[in-house]
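[1] What follows is a predicted structure for the sequence shown.
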Amino acid sequence: MELLEGLQTRKSIRAYKPEAVPRELLSRILEAARWSPSWGNTQSWEAVVVAGDVVPRLTADLVAAVEQKEAPNPDVPMPAGFPDAQQHRYMACAAGLFGTMGIAREDKAGRKAHMLNMTRAFGAPVIIYVLFSADLQVPYTMFDLGAITHGICLAAHAQGLGTCIEAQLALYPDLVRRHVPIPEGRRIVIGIALGYPDPEAPANAFRTDREPVEKWVTWVD
């Protein structure tokens, strides 16, 4: 896959085939992603790859926490909201996705089912947790973590796999630690659902738009 094509065609995948992803292929993806840009080459990222029977056991506990309305306690605080322009795009994303899936605004059961499906990593056979050391300063560390996360997603896309970057998978880090050997002193920033996309799923027909270059770039000659 040509690089520019990959950048333009990668999208969030929200339904996966149950087919396992070979470790060799996962290693190839991570081998490519490790060349992602890093602030001062500090390479502040770490990752834990979760697969096999651990995934359904972990996500079952995450779903139970959501259904029991346990208060999330993520290692990295999640924003409660956004300024107007960003909030508009955020809400448009949800509306577009639900519209593609045929879930009406008043369909509370359908929306809850979607949220629980998201908590199950959309049925992905692999979850990659991106970590960083708790003694690192967050702003510049986040540059590295965003870069490696994007690198993983692009490399997976180039190999015919799909991904979805999910804050939902990191809302209950204590539950994650029950199933996954997260090293001491590490914080979980995000979970990446990864697997073979289900081409028949309506959710996978949806893709968000992006603002045109003219709206966010200033040229200085």
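    Looks like it arrived, so ask away. Source: prediction; values computed, not measured.
[2] Can you check which strand is longest in the protein?
    strand 186-195 (DSSP state E).
[3] Tell me which helix or strand the residue nearest to the spatial centre of the chain sits in.
    Using CA atoms, centre = their mean, the residue of the chain that lies closest to the mean C-alpha position is Ile165, 1.0 Å off. Assigned by DSSP states H and E, Ile165 belongs to strand 162-166.
[4] quick check: angle from that strand to strand 186-195?
    Orientation of strand 162-166 against strand 186-195 (axes from the mean of the first three to the mean of the last three CA atoms, to 10 degrees) gives an angle of 150 degrees.
[5] Would you mark the buried spots in the following helix or strand past strand 162-166?
    Where DSSP H and E defines the elements, the next helix or strand beyond strand 162-166 is helix 173-179. The neighbour-count check on helix 173-179 (16 or more other CB atoms under 10 Å) flags Pro173, Leu175, Val176, His179 as buried. (Glycine included, C-beta is placed from N, CA and C.)
[6] With stretch 179-193 instead?
    His179, Val180, Ile182, Arg186, Arg187, Ile188, Val189, Ile190, Gly191, Ile192, Ala193.
[7] residues making contact with that stretch?
    Residues from elsewhere that reach stretch 179-193 (CB atoms under 8 Å, 6 or more residues apart in numbering): 13, 16, 46, 48, 50, 54, 57-58, 61, 74-76, 121-122, 124, 126-135, 142, 145, 149, 152-153, 163-170, 173, 176.
[8] can you tell me which of these are in strands?
    Using DSSP E, these in strands are 46, 48, 50, 126-133, 163-166.
[9] Looking at the buried residues of helix 173-179, which one is closest to Gln8?
    Checking these against Gln8 by CB to CB gives Val176 as the nearest, at 32.7 Å.
[10] roughly how far apart are the nearest residue to Val50 once chain neighbours are set aside and Glu31?
    Among residues not flanking Val50 along the chain, Ile127 sits closest, at 4.5 Å (CB to CB, 6 or more residues apart in numbering). Per CB to CB, to the nearest Å, Ile127 is found 19 Å from Glu31.
[11] Trp45 and Trp219: what is the separation?
    33 Å.
[12] Those two: which has the busier surroundings?
    Shown here are Trp45 and Trp219; by other CB atoms under 10 Å, Trp45 has more neighbours (23 against 6).
[13] Pull the contacting residues for the more buried one.
    Ser36, Ser38, Val130, Leu131, Phe132, Asp144, Leu145, Ile148.
[14] Ile127 and Glu31: who's more crowded?
    Taking other CB under 10 Å, Ile127 and Glu31 do not tie; Ile127 has more neighbours (24 against 10).
[15] So what sits opposite the more buried one in the bridge?
    Val50, Ala193 (DSSP bridges).
[16] Give me the neighbour count for Ala167.
    Neighbour tally, Ala167, other CB under 10 Å: 15.
[17] From Thr42, how far off is it?
    24 Å.
[18] same deal with Arg178?
    30 Å.
[19] again, but for Gly146
    14 Å.
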